[in-house]
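*Asks:* sequence first, then the predicted structure, then my questions.
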Amino acid sequence: MRILPDNGEGYALHDLVHGEILGRILVDEKDFWIYDGLTLDLAEQEEVAGQIIGFQNEMDQLLKTLNFGD
């Protein structure tokens, strides 16, 4: 599965083997998520959402430590 940002509205989930779109995971500013699709079961949804939320938190922390010459 490939997880790609979806124009800032969420993350598109793609099945690389079958070339299908599996739906989207939408995440709000409080890290609440919802799955917009029918293919993944609840455990798969939670795994993907956890990966996305974890990556968001890691990126937020990284951005806070970088100096952009301000």
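*Replies:* Good, I have the coordinates.

*Asks:* which residues sit in contact with Leu38?
*Replies:* Gly23 (CB atoms under 8 Å, 6 or more residues apart in numbering). Every C-beta, even on glycine, is put in place using the N, C-alpha and C of the backbone.

*Asks:* next, it: secondary structure please.
*Replies:* The three-state label given to Leu38 by DSSP: H, G, I helix; E, B strand; the rest coil is coil.

*Asks:* identify the residues contacting the residue at minimal distance from the centre of the chain.
*Replies:* Using CA atoms, centre = their mean, the residue of the chain that lies closest to the mean C-alpha position is Ile52, 3.6 Å off. The contact partners of Ile52, taken as CB under 8 Å, 6+ apart, are 3, 11, 25, 27, 33.

*Asks:* and the third one, how far is that from Ala49?
*Replies:* Yep, that's Ile25 we're talking about. Counting by CB to CB, to the nearest Å, the separation of Ile25 from Ala49 is 5 Å.

*Asks:* who touches both of those two?
*Replies:* Common neighbours of Ile25 and Ala49 (CB under 8 Å, 6+ apart) are 33, 35.

*Asks:* quick one: which of the two has more around it?
*Replies:* Ile25 (23 against 20; other CB atoms under 10 Å).

*Asks:* assumed the more buried one was part of a strand.
*Replies:* Yes. Under three-state DSSP, Ile25 falls within a strand.
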